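**Student:** test case, fold it:
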Amino acid sequence: MPHTVRSLSSDLRALGVGPGDVVLLHSSARSLGFVAGGSQAVVQALLDVVGPEGTLVVPAHTPDNCDPAGWRNPPVPEAWWPLIREQAPGFDPSRTPSRWMGVIAETVRTWPGALRSDHPQVSFAALGRHAADITGEHRLDDALGERSPLGAVYRLEGKVLLLGCGHDSNTSLHLAEWRQESPPRHAIGASVRRPDGTSRWITWTDVAEDEGDFERLGAAFEAHVGLSAALVGDAPARLMSQRALVDFAVTWLAANRPVT
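**Tutor:** Numbering: from 1, shown residues only. Predicted coordinates:
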């Protein structure tokens with residue numbers, strides 16, 4: 001039988017998602033199997049379970065809005081770089097689609113009432129009671145740190161739900177990177193849209209994120225604390241306290257990453 005809003009809601013409740021929860025979701029729609037209503041049904045099930053007092057959060061990142069000088073897959077000719085920087089239409093929270101975040105995240109971003117933070121590369125979208133608190137402040141030079149939606153979810157004692165994906169997609173681990181004593185930093189560029197419809201190229205400096213050891217870090221966390229794991233639809237799902245995850249990751253990264 002196909003999965004439905006009702007059956008997915010039952011699976012989510014059995015996993016431990018409940019009314020009033022703040023849930024940061026990372027997902028793979030394909031892993032769920034056949035769902036009557038597709039991504040719309042998945043989002044509806046999540047909203048039904050967290051209820052009117054809860055909040056659903058997803059990454060709405062636009063990693064392709066970056067300096068073409070660093071493009072590798074594929075690279076573009078150096079002669080193109082100035083034109084791309086000058087002519088790209090620019091990030092706009094209401095217009096720019098997310099990229100590589102999956103159809104469920106994009107469904108949340110476009111859902112009526114959804115709010116989105118204004119970071120041109122790593123924005124988040126949210127629905128529910130705390131959506132404005134989570135998306136309202138997102139500093140350009142603290143992209144995944146305290147003054148970002150990740151920091152807001154931490155303060156709200158939110159949960160992370162990995163739905164058919166691994167810790168390499170677990171953005172909350174970046175918050176632990178930002179909390180390291182002296183994390184590596186790099187220069188970043190992106191195009192943003194001005195209120196008059198024109199665009200401009202901006203640059204800033206922030207922490208250089210690195211997901212290379214996140215699967216190993218996630219496995220260590222799971223072995224240390226244990227967590228709720230079950231199937232939601234056909235997808236293996238893991239639910240965890242974001243605060244416990246980040247606190248563990250801060251210590252793990254300090255001990256396991258070489259100092260540069």
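
**Student:** from residue 176, how far off is the residue nearest to residue 157 when sequence neighbours are not counted?
**Tutor:** Nearest residue to residue 157 in three dimensions, chain neighbours excluded: residue 243, at 5.8 Å (CB to CB, 6 or more residues apart in numbering). C-betas here are computed from N, CA, C, even on glycine. For residue 243, the distance to residue 176 (CB to CB, to the nearest Å) stands at 11 Å.

**Student:** more neighbours: which of those two?
**Tutor:** Neighbours per residue (other CB atoms under 10 Å) separate residue 243 from residue 176, with residue 176 holding more: 23 against 18.

**Student:** secondary structure class for that one?
**Tutor:** Classification of residue 176 by DSSP: H, G, I helix; E, B strand; the rest coil places it in helix.

**Student:** ok, it - contacts?
**Tutor:** By CB atoms under 8 Å, 6 or more residues apart in numbering, the residues touching residue 176 are 246, 249-250, 252-253.

**Student:** which residues sit in contact with the closest residue to it other than its chain neighbours?
**Tutor:** Excluding the flanking residues, the one nearest residue 176 by CB to CB, 6+ apart is residue 249, at 3.4 Å. The neighbourhood of residue 249, defined by CB under 8 Å, 6+ apart, consists of 172-173, 175-176, 217, 221.

**Student:** in this structure the residue nearest to residue 157 contacts residue 160, no?
**Tutor:** No: judged on CB atoms under 8 Å, residue 243 makes no contact with residue 160 at a distance of 9.9 Å.

**Student:** hang on, residue 57 in a helix?
**Tutor:** No: secondary structure of residue 57 (three-state DSSP): strand, not part of a helix.
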